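Trainee: need a 3D model of the following:
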Amino acid sequence: MRNARSHGNLESSSSEFGSEGSGLQPKELHGSSTEFVSEEPSIQSKKSCLVIEIFAGSCRLSKACKEIGFRATAVDKDESRAEHFPIYQCDVTNKAEHDLLLQYIEAEKEELLHIHFAPSCGTASRARERPPGPPPLRSNDHPDGLPDLKEKDKQRVAAANASYQAMIAIAKFAIALGISISLENPKNSLFWRCSFVLQFLEWLPKYHICEFQHCMHGGRRNKFTHWLSCNPRALEVDLFQSLHLLCDQQHSHASWAPYIDDSGRQIFPTASEASYPELLCTRIACILKAEALKQGFVFPSTLEDQLETNPNSAKRQIFTTQPRGKRLRPLVSEFQAYKSFLFPLNAETAVQQFLQQLPKGSRVCHRTLTEGGFFWDDKLAEEANLEAHQSWTNGQPGEILHFGIPREPHDFITEAINKGHPRDIVARVPQPVKDLLTDLACGSLDKRFAKRASFMKRWLKRSLELKEEERKLHENLPGHLQGILKGKRLLLFQEILNDLNYVDVAVVDEVIAGFKLTGWAPRTGVFDPDVRRPQLTLDQLKKMTPGLNASILRAVDESPVDQTTEQVWQETWQEVDKGWIRPANSTVGCSVAKRFGLQQGAKTRMIDDFSISKVNHTYGMKERLRVQAVDELCAYLATLMDGANPSSLPRLKGRTFDLKSAYKQYGVDTWHSNFLQICVRDPAGGHGLFNVNALPFGATGSVTGFLRISNALAFIGIHD
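Mentor: Predicted coordinates for the structure are as follows:
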């Protein structure tokens, strides 16, 4: 270990370091971060962190982000170049698809850290100026497109310009939401000279351009790149400054000359260089993770950490089905320790040799690039638990690599025993429920009955006071809802929820107006955040309905008549009598769903398929719906058994209730009642058409509405 100081400002976090606590901040070595210690984050911890890559191509950046704990969404027009990563297919030049993407960004804004753009430079490439390649389509004097282009080339330039302008609109939208952005193109690309790009740069409140060569980040060629970024959370900070590495002339480069492949095709290396080197992607992902930790995001490494941010994430997996993939974190963390070493830049051979000397299973968890030369200080290095690899020379640039060292078998077993059974960690219930269970098991029966009697007395009295207002409310309900909501004391329901400070009192307003089955469901605060974007806009659906309707009507007419057909037809007309649906004569201006019967034992359940009609494709959710099913019951029973002497537990007797026509207790709004229809096979031939009044069983929006009501009722039952 050597002499004195570091040049530059080194900031980092770590893939697994960041995972080991709810929030982590580095100890600094002259601005460098090499050891991470648990601290409370400066802002409230957030449950997950999203990165979006637009014009994702190979998706290597998205993959690198996902590997270190991010949620990652890769957006591209097609998936042909994607390397085993799911693509959100979106043509940003299509207004409807562009609008859906903006809605998705807005819905994710609380957990969306960064958006990266990698627009194609095909029409703006300087390589076109060098024969024998394709002719140039732009120039310094005409960066938006050369005059007198052939029609095909003119269309290609126009399409590229449209994508650039759409990208700029998305970037502006993100910055206005406080989301950082980055934008990459080759240094000499004419993209940077386009008029609308220059206007965008003038619009930006502050931006940074980091220049680097790909050969210093794992690339085979000395490609110069400009990486523009803007971070509205800290405008003066260049998030990607550490990427500024120019070729050190210590390695050879692959040629840029076109070549003929084995099949006889001419290959231009510029195309293969469009995908980012994997090392570059890893370094960018680590930079973003450092920023995410600063913003209070958490990256849990164990099940216990995961449950701190999302208590409901594992109940169903523990008590019923087993989880798939890596949805749940392990009970015991993978690593027992971390070691930090300073290596020369791009010394990947030395890194791999060093890994062979570490215990089996060790791996690089995080990388931190230094900026400029780095001079050693023994005392500071010891404080930061940093060592220098023998291949590094004092004063030269370097990269700090953080290695995770796996647990030894004995250590793993010891830690697993200390953690206990996963059920003990997972079977957590909210404190109000725990208090209720304690009262049921150990409380006074007389006091419990007295409390319930007081609650009922208070609200029965209030219901009489509201009787006239309830009558007026029901008189003014939409006509198709008056029969469905008859007898429901909606104002009383609303007052009780307000009195108990329930977060989703707005559900009563939606009961009164009817629920929407297209568009975005509201963020209620009742369920955990989890965005599921719509796949279609309502306008797109409207354009598709004539063709979809014709196809569905034909399928219904040609379907065979079986034992359920007559029953479904009869029950459909019974629903007409109850006011849940109403007969229709024409499909013009409507979207038609297919109704069919599903045999469940002796019962036939009627399903209205709003997926085949694409209505469900227009519905987006900002929260993950949660059904209080058997997993909740098991957690309650576990809490009862853990919290009391077994000899003092009462005898437990349970039963289940099947809610009769549960969805039909509530309706859709007027617009959807007129727009949505169901088509039913007539056993005598042909079909019947019916408009929807009550929530149909088969629409995603029906599930959302019903579960919101169910949770409101459960809340009253727990807190009365």
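Trainee: ok, now how distant is Gln353 from Phe343?
Mentor: Going from Gln353 to Phe343 by C-beta to C-beta, to the nearest Å gives 11 Å. No exception for glycine: its C-beta is placed from N, CA and C like everyone else's.
Trainee: cool, Gln103 as well?
Mentor: Distance from Gln103 to Phe343, counting by C-beta to C-beta: 44 Å.
Trainee: ok, Phe706 next?
Mentor: Distance from Phe706 to Phe343, by C-beta to C-beta: 57 Å.
Trainee: sorry, back to before: neighbour count winner among Gln353 and Phe343?
Mentor: Neighbour totals were compared for Gln353 and Phe343, and Phe343 leads with 20 against 12 (other C-beta atoms under 10 Å).
Trainee: helix/strand/coil for the more buried one?
Mentor: Put simply, Phe343 is strand when judged by DSSP: H, G, I helix; E, B strand; the rest coil.
Trainee: what's near enough to touch it?
Mentor: Phe343 makes contacts with 350-351, 389, 391-392, 398-401, as judged by C-beta atoms under 8 Å, 6 or more residues apart in numbering.
Trainee: also Phe455?
Mentor: Asp720.
Trainee: the closest residue to Ile581 other than its chain neighbours and Glu575, how far apart?
Mentor: Sequence neighbours aside, Phe690 is the residue nearest to Ile581 in space, at 4.2 Å (criterion: C-beta to C-beta, 6 or more residues apart in numbering). According to C-beta to C-beta, Phe690 and Glu575 sit 8 Å apart.
Trainee: the helix or strand that contains Ala290 - contacts with which helices or strands?
Mentor: Assessed by DSSP states H and E, Ala290 sits inside helix 278-294. Helix 278-294 sits against helix 60-67, strand 112-117, strand 363-369, with contacts defined as 3 or more C-beta pairs under 8 Å, 6 or more residues apart in numbering; DSSP states H and E.
Trainee: helix or strand next in line after the first one, which one?
Mentor: Yep, that's helix 60-67 we're talking about. strand 71-76.
Trainee: list the contacts of that next one.
Mentor: 48-57, 59, 62-63, 65-66, 82, 85-90, 92, 101, 104, 111.
Trainee: could you rerun that using 7 Å?
Mentor: Residues outside strand 71-76 that contact it (C-beta atoms under 7 Å, 6 or more residues apart in numbering): 48-57, 59, 62, 65-66, 82, 85, 87-90, 101.
Trainee: strands - which of these land there?
Mentor: 50-54, 87-89 (DSSP state E).
Trainee: buried ones among these?
Mentor: 50-54, 87-88 (16 or more other C-beta atoms under 10 Å).
Trainee: where helices are concerned, which of the contacts of Phe343 count?
Mentor: 350-351 (DSSP state H).
Trainee: just the ones in strands from the contacts of Phe343, please.
Mentor: Short answer: the contacts of Phe343 in strands (DSSP E) are 398-401.
Trainee: highest neighbour count among those residues?
Mentor: Ranked by neighbour count (other C-beta under 10 Å), the ones in strands among the contacts of Phe343 have Gly398 at the top, with 26 neighbours.
Trainee: quick check: it touching Ser391?
Mentor: No: counting by C-beta atoms under 7 Å, Gly398 does not reach Ser391; the two are 9.6 Å apart.
Trainee: okay, and the common contacts of those two?
Mentor: Here Gly398 and Ser391 have 343-344 as joint contacts, going by C-beta under 7 Å, 6+ apart.
Trainee: return the distance of stretch 707-720 from the chain's centre.
Mentor: Per C-alpha atoms, centre = their mean, to the nearest Å, the displacement of stretch 707-720 from the mean C-alpha position of its chain is 27 Å.
Trainee: buried ones in it?
Mentor: Residues of stretch 707-720 classed as buried by neighbour count (16+ other C-beta under 10 Å): 707-709, 711-712, 715-716, 719.
Trainee: return the list of helices and strands in contact with the strand or helix carrying Ala160.
Mentor: Using DSSP H and E, Ala160 sits in helix 151-176. Helix 151-176 sits against helix 95-107, strand 112-117, strand 180-186, helix 195-203, with contacts defined as 3 or more C-beta pairs under 7 Å, 6 or more residues apart in numbering; DSSP states H and E.
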